[in-house]
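Asks: Can you look at this prediction? I've put the sequence above it.
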Amino acid sequence: MQRTRLVAGNWKMHGGRASNQALLDALLDGIGGLKGAECAVCPPFCYLQQVSERLRGSPLAVGAQNVSEHAQGAYTGEVSAAMVKELGCRYAIVGHSERRQLYGESDPQVAAKFAAAQGAGLTPILCVGETLQEREAGRTEEVVARQLDEVLRNYSIGTAVVAYEPVWAIGTGRNATPEQVQAVHAFLRKKVSQETKIVYGGSVKPQNAAAIFAMPDVDGGLIGGASLVAKDFIDIVKAATT
Ligand code: PEP
């Protein structure tokens with residue numbers, strides 16, 4: 001089955017009104033007319049409105065970096081899936097390794113966030129990935145299966161997106177080889193439906209994007225650092241369209 005590739009930029013806790021404006025102007029210039037791949041940016045919550053308004057009517061979609069597992073209530077500091085949907089989001093990242101590691105998000109909590117996103121009409125981007133220690137212990141498949149199965153046991157994955165993000169390759173400049181990526185994607189592919197996209201994240205740059213996207217089970221990328229540099233993100237999106 002032919003799946004349209006997705007390239008999503010995770011801005012993490014970066015940005016400001018003026019720099020967002022400049023980045024979005026450049027992205028619209030470079031990507032606005034491109035066909036053949038879906039593309040999204042995921043800014044911090046407080047800029048969702050600004051980014052949605054600027055991208056309205058363009059082929060670039062907007063995503064949130066996280067959502068609460070709760071619909072509403074006394075959860076100080078949290079933001080619900082319905083709230084980000086109302087701000088124009090199409091996607092929501094759930095279970096990013098920084099959320100799992102720095103904020104203690106558990107597999108069941110991530111699965112609940114997945115369900116909350118789906119229930120609000122968002123497309124969840126579910127991140128899974130092993131640490132270096134787990135990879136070196138030969139536990140990569142066990143770890144990503146545990147993270148994914150928690151969702152599969154309880155919910156239907158359908159048109160959601162799975163992002164394979166080995167923790168040791170995120171923000172480190174240390175690359176997984178296209179073959180290492182393909183091996184894990186092929187393993188994940190057997191667990192999900194044909195319409196589910198599986199994208200790769202972990203130090204994707206213009207220099208390695210084409211080789212990674214050429215792998216048969218790679219349906220695009222989740223891009224951190226390089227999504228903040230207009231030319232790099234544009235070049236990565238272009239690599240997904242060829
Ligand atoms: C990420 O944060 O999801 C990510 C893949 O970051 P980077 O591209 O910077 O490794």
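Replies: Here it is on my side, so go on.
Asks: Shouldn't residue 39 be within a strand?
Replies: Yes. Using DSSP: H, G, I helix; E, B strand; the rest coil, the assignment for residue 39 is a strand.
Asks: count of neighbours near the residue in the chain positioned nearest to the ligand?
Replies: Among the residues of the chain, residue 224 lies closest to the ligand, at 2.1 Å counting by C-beta to the nearest ligand atom. For every residue, glycine as well, the C-beta is placed using N, CA and C. Residue 224 has 22 neighbours, counted by other C-beta atoms under 10 Å.
Asks: what sits against residue 88?
Replies: 48-49, 52-53, 55-56, 62 (C-beta atoms under 8 Å, 6 or more residues apart in numbering).
Asks: can you rerun that using 7 Å?
Replies: 48, 52, 62 (C-beta atoms under 7 Å, 6 or more residues apart in numbering).
Asks: Helices - which of those land there?
Replies: By the criterion of DSSP state H, membership of the contacts of residue 88 in helices covers 48, 52.
Asks: and the ligand, which of the contacts of residue 88 reach it?
Replies: The subset of the contacts of residue 88 within reach of the ligand, counting by C-beta under 6 Å from any ligand atom, is empty.
Asks: neighbour-wise, which of the contacts of residue 88 leads?
Replies: Within the contacts of residue 88, neighbour counts (other C-beta under 10 Å) peak at residue 62, which reaches 24 neighbours.
Asks: can you pull the buried residues of the helix-or-strand element of the chain with minimal mean pLDDT?
Replies: Within the chain, judged by mean pLDDT, DSSP states H and E, the helix or strand with the poorest mean is helix 132-136; its value is a mean of 94. Neighbour counts over helix 132-136 (16 or more other C-beta atoms under 10 Å) mark 134-135 as buried.
Asks: do stretch 46-53 as well
Replies: 47-48, 50-52.
Asks: What of stretch 177-192?
Replies: In stretch 177-192, counting by 16+ other C-beta under 10 Å, buried: 178, 180-182, 184-185, 187-189, 191-192.
Asks: what does stretch 100-107 give?
Replies: Using 16+ other C-beta under 10 Å as the test for burial, stretch 100-107 gives 100, 105, 107.
Asks: can you give me the offset of stretch 166-173 from its chain's centre?
Replies: 14 Å (C-alpha atoms, centre = their mean, to the nearest Å).
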